[in-house]
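Trainee: Got a predicted structure plus its sequence, pasted below:
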Amino acid sequence: MKIKEVLKRYKLTLKELADALGLSRPTLNSYIDQFEKDEKISNNLYQYIFTQIFNKEWEDKSQILEEIKHLKNSLAHENKSLEDEYCKENLELIESIKEKMYRDMKGKKEVLPLYKFINSVLYNYNEDSGLTGYIDYNLYLNSLKDIENIEENEKILISNIYPIMANHVKNNLKFNEKGYSTFIKRMKEIQKIREEETLKIEEEFLKKIREKLNLKLGIAKVIDDEKIDEILNKIKF
């Protein structure tokens with residue numbers, strides 16, 4: 001879709017559109033370019049407004065401008081509700097992460113390992129001391145945590161990690177056979193733990209199915225495929 005052709009049809013200038021949206025011309029041009037390429041606009045608010053405005057037919061430009069005003073007012077109210085629940089810094093971080101993910105993951109398989117790691121971090125931070133320590137090391141290194149507030153155990157870890165990483169960057173590290181074999185041993189231990197957790201989930205799943213089936217059979221109800229699907233859909237973990 002060519003937005004400028006839509007604007008021309010309704011005799012709506014880019015300046016009028018920019019003023020109505022509250023955007024500078026360069027930012028508006030950037031959003032138009034993203035939208036026309038079927039990319040997600042980096043700002044969710046304007047992604048929604050563009051979708052609502054440029055995928056419909058209108059009587060004239062005044063109707064478009066009125067709808068933009070209405071959308072901005074209603075969405076501003078929703079954003080205010082979010083600000084009541086999340087502080088501004090957290091909202092900005094969430095928006096930044098979402099924007100980066102939408103750009104990165106659009107057909108790029110090479111970034112999947114990174115986002116698998118990020119997903120693991122989200123669920124294991126503060127529970128896995130090794131992972132947490134390495135993350136905090138990177139935060140201190142990039143001045144994203146105040147070094148003045150560093151704790152003694154963090155200082156000890158960083159004093160050991162940094163020389164290793166510095167030599168890794170310089171390609172000066174030597175193969176450590178004992179370290180590697182210990183790593184493989186721990187990797188297998190983690191795999192075993194995950195397999196055991198998976199078995200526990202499967203057992204709990206089967207237990208819940210048996211409970212549901214016994215209840216149905218106990219009252220002499222016939223269970224057809226549709227009923228089985230219904231039972232499975234009601235099982236929650």
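Mentor: It's in.

Trainee: And the spatially most central residue of the chain, how far from Asp104?
Mentor: Nearest to the geometric centre of the chain sits Lys98, at 5.4 Å (C-alpha atoms, centre = their mean). As judged by C-beta to C-beta, to the nearest Å, Lys98 and Asp104 stand 11 Å apart. Quick note: C-beta positions are derived from backbone N, CA and C, even for glycine.

Trainee: Then Lys72?
Mentor: As judged by C-beta to C-beta, Lys72 and Asp104 stand 29 Å apart.

Trainee: With Gly133 instead?
Mentor: Applying C-beta to C-beta, the value for Gly133 to Asp104 is 26 Å.

Trainee: Also Tyr123?
Mentor: 20 Å.

Trainee: again, but for Gln63
Mentor: Gln63 is 38 Å from Asp104, where distance means C-beta to C-beta.

Trainee: got the domain boundaries for the chain?
Mentor: 3-104, 113-169, 186-234 (automatic domain parsing).

Trainee: Can you tell me which of those domains is most buried?
Mentor: Mean neighbour count (mean count of other C-beta atoms under 10 Å) peaks for domain 3-104 among the domains of the chain, with a mean of 14.

Trainee: In what element of secondary structure is Ser143 found?
Mentor: For Ser143, there is no host helix or strand (DSSP states H and E).

Trainee: pLDDT weak spots in the chain?
Mentor: Applying pLDDT under 70 to the chain flags the ranges 1, 76-88, 212-237.

Trainee: how does it look with 50?
Mentor: For the chain, the stretches with pLDDT under 50 are 237.

Trainee: Let me see the ranges of the helices in it.
Mentor: Here the chain has its helices, by DSSP state H, at 3-9, 14-21, 25-36, 44-54, 61-85, 88-104, 112-124, 129-141, 152-169, 177-218, 225-234.

Trainee: Quick check on Lys145: phi, psi?
Mentor: Reported as degrees, to the nearest 10, the phi and psi values for Lys145 are phi -130, psi 140.

Trainee: So it sits against Asn138, correct?
Mentor: No. Assessed by C-beta atoms under 8 Å, Lys145 is found out of contact with Asn138, at 9.2 Å.

Trainee: measure Glu16 to Ile49 for me?
Mentor: Separation of Glu16 from Ile49 (C-beta to C-beta) stands at 15 Å.
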